[in-house]
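A.B. asks: Whatever this is, show me its structure:
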Amino acid sequence: MGALAVSVAGFLFAGSSVCAIWLFLAQRRDPLRQRLLAAVTPAGQVDEIQLSGTATRALRRWVESLLAPALRVLRLPQGRTIPGLQNFAQQVTLAGLLALVALACALAWSLAAFRFLAGNAVSANLVVGGAALIAGMWLAVRGWLHWHARRWREQITSGLVNVLDLWVLCLGSGMSFQAALVRVTEESELTNALLREQLQLTQQAILAGASREDALHYFARRCGDLPVVRSLVTHILHAERLGSSLAQTLRVFSKNLRFNRGQDAREWIQKLPVKLAVPLVFCILPALLVIISGPALLRIVRALSNQ
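C.D. replies: Residues are numbered from 1 along each chain as shown. This next block holds a predicted model:
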């Protein structure tokens, strides 16, 4: 019993520790981020975007100090991260502080299960039930993270078109890249809140001394390495290197983005009949057959019984 309890506790603690480690490993601060956190606005006030994540940053620093030795263990000899966990780490990163709360709840339930196993007689049903509970909690957290990360990406993608239109108008009116970026972040009614937050961080990165290329690459990474955002950054950098019009480049990119969204909508509409076939055949069609043929079958049964 003692060996089983210790093994179960070790497994639960190791799994929860790996989740926490990868949560904070994905958002470890680099020198550029430290400069951004120390940056101030032209008026001398700290930006609201920095104050919004103060609790998250303080908690992350505390956990990083505790998990610093384990972070080195999770690195392969070649310097690559463990495959198969990067997607999970990215989902946790996009989910934010709520993901940390969910993982902490999972760890608390794991410790409670360990105390229950250590203080009571262990049976086969109890072990199976505890394993099923832990697996269900793990799958629930994974599913919630996947849903939250996908919703976060969809919000970024949906708000990118309006941002590009406003950006094109600012560049077409004669503004520079930096002035247009500031103007886009100031239009709160026309810009998606999540995308505006990332653009503000990009603006702060440029003001802190980072090159435009590095700031845009960090912008794409903060957006979850979405293909559309990565393509936008590539188009902007190519336009600057080749000396072409940035406004025209963004206008063409916005037009292609709208066309692709229309194509995705048409593709989704064409898939609807196939997706509706299963519930129609197995759920609605049997009920219709019972309603339509039920009275006739009853009459046939009565007629045969009378004979």
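A.B. asks: Next, D225: phi, psi?
C.D. replies: With angles defined as degrees, to the nearest 10, D225 sits at phi 60, psi 40.
A.B. asks: Give me the pLDDT value at it.
C.D. replies: At D225, the model reports a pLDDT of 79.
A.B. asks: shaky segments in the stretch 51-200 of the chain?
C.D. replies: For the stretch 51-200 of the chain, the stretches with pLDDT under 70 are 51-130, 188-191.
A.B. asks: for the helix ranked longest in the chain, packing partners?
C.D. replies: Counting residues, the longest helix in the chain under DSSP state H turns out to be helix 124-172. Other elements packing on helix 124-172 under the criterion 3 or more CB pairs under 8 Å, 6 or more residues apart in numbering; DSSP states H and E are helix 2-25, helix 86-95, helix 97-119, helix 177-186, helix 193-207, helix 227-242, helix 246-279. In short, each C-beta sits where N, CA and C put it, glycine included.
A.B. asks: switch to 7 Å and redo it
C.D. replies: Helix 124-172 is packed against helix 86-95, helix 97-119, helix 177-186, helix 193-207, helix 227-242, helix 246-279, with contacts defined by 3 or more CB pairs under 7 Å, 6 or more residues apart in numbering; DSSP states H and E.
A.B. asks: what angle separates it from helix 193-207?
C.D. replies: 60 degrees (axes from the mean of the first three to the mean of the last three CA atoms, to 10 degrees).
A.B. asks: between helix 124-172 and helix 246-279, how big is the angle?
C.D. replies: Orientation check (the same axes, to 10 degrees): helix 124-172 against helix 246-279 gives 150 degrees.
A.B. asks: and the angle from helix 124-172 to helix 227-242?
C.D. replies: 30 degrees.
A.B. asks: can you count the residues close to the closest residue in space to C170 that isn't next to it in sequence?
C.D. replies: Spatial nearest neighbour of C170, excluding adjacent residues (CB to CB, 6 or more residues apart in numbering): A180 at 3.7 Å. A180 has 22 neighbours, counted by other CB atoms under 10 Å.
A.B. asks: Hmm, A180 is touching G172, no?
C.D. replies: No - here A180 lies out of contact with G172, judged by CB atoms under 7 Å, at a distance of 9.4 Å.
A.B. asks: so where's the stretch 201-307 of the chain uncertain?
C.D. replies: Along the stretch 201-307 of the chain, the parts satisfying pLDDT under 70 run over 307.
A.B. asks: Distance-wise, check E197 relative to R222.
C.D. replies: Distance, E197 to R222, by CB to CB, to the nearest Å: 9 Å.
A.B. asks: can I assume S293 sits in a helix?
C.D. replies: Yes - when DSSP: H, G, I helix; E, B strand; the rest coil is applied, S293 is found to be in a helix.
A.B. asks: That one: how many residues sit nearby?
C.D. replies: Burial measure for S293: 11 neighbouring residues, criterion other CB under 10 Å.
A.B. asks: do the same with L160
C.D. replies: 23.
A.B. asks: so who does R212 touch?
C.D. replies: By CB atoms under 7 Å, 6 or more residues apart in numbering, R212 lies in contact with I206.
A.B. asks: which phi and psi does G224 have?
C.D. replies: Torsion angles, degrees, to the nearest 10, at G224: phi 80, psi 20.
A.B. asks: separation between it and L242?
C.D. replies: 28 Å.
A.B. asks: Which of those two has more residues huddled nearby?
C.D. replies: G224 (18 against 8).
A.B. asks: In stretch 159-177, which residues are buried?
C.D. replies: 159-168, 170-171, 175 (16 or more other CB atoms under 10 Å).
A.B. asks: Over to stretch 282-293?
C.D. replies: So, applying 16+ other CB under 10 Å, stretch 282-293 has no buried residues.
A.B. asks: contacts for stretch 230-244?
C.D. replies: Contacts for stretch 230-244 (CB under 7 Å, 6+ apart): 213, 216-217, 219-220, 246, 249, 253.
A.B. asks: same thing but at 10 Å, please
C.D. replies: 160, 163-164, 167, 177, 202, 212-213, 215-221, 223-224, 226, 245-250, 252-254, 256-257 (CB atoms under 10 Å, 6 or more residues apart in numbering).
A.B. asks: pull the CA atoms of it into CSV?
C.D. replies: The C-alpha coordinates for stretch 230-244 follow below in CSV (Å, rounded to 0.1, in the frame of the first residue of the first chain):
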residue,chain,number,x,y,z
ARG,A,230,3.6,35.1,-40.0
SER,A,231,2.8,35.8,-43.7
LEU,A,232,1.9,39.5,-42.8
VAL,A,233,5.2,40.0,-41.1
THR,A,234,7.0,38.4,-44.1
HIS,A,235,5.2,40.7,-46.5
ILE,A,236,6.1,43.8,-44.5
LEU,A,237,9.8,42.9,-44.2
HIS,A,238,10.0,42.1,-47.9
ALA,A,239,8.4,45.4,-48.8
GLU,A,240,10.9,47.3,-46.8
ARG,A,241,13.9,45.4,-48.1
LEU,A,242,12.8,45.7,-51.8
GLY,A,243,11.7,49.3,-51.4
SER,A,244,8.2,48.8,-52.6
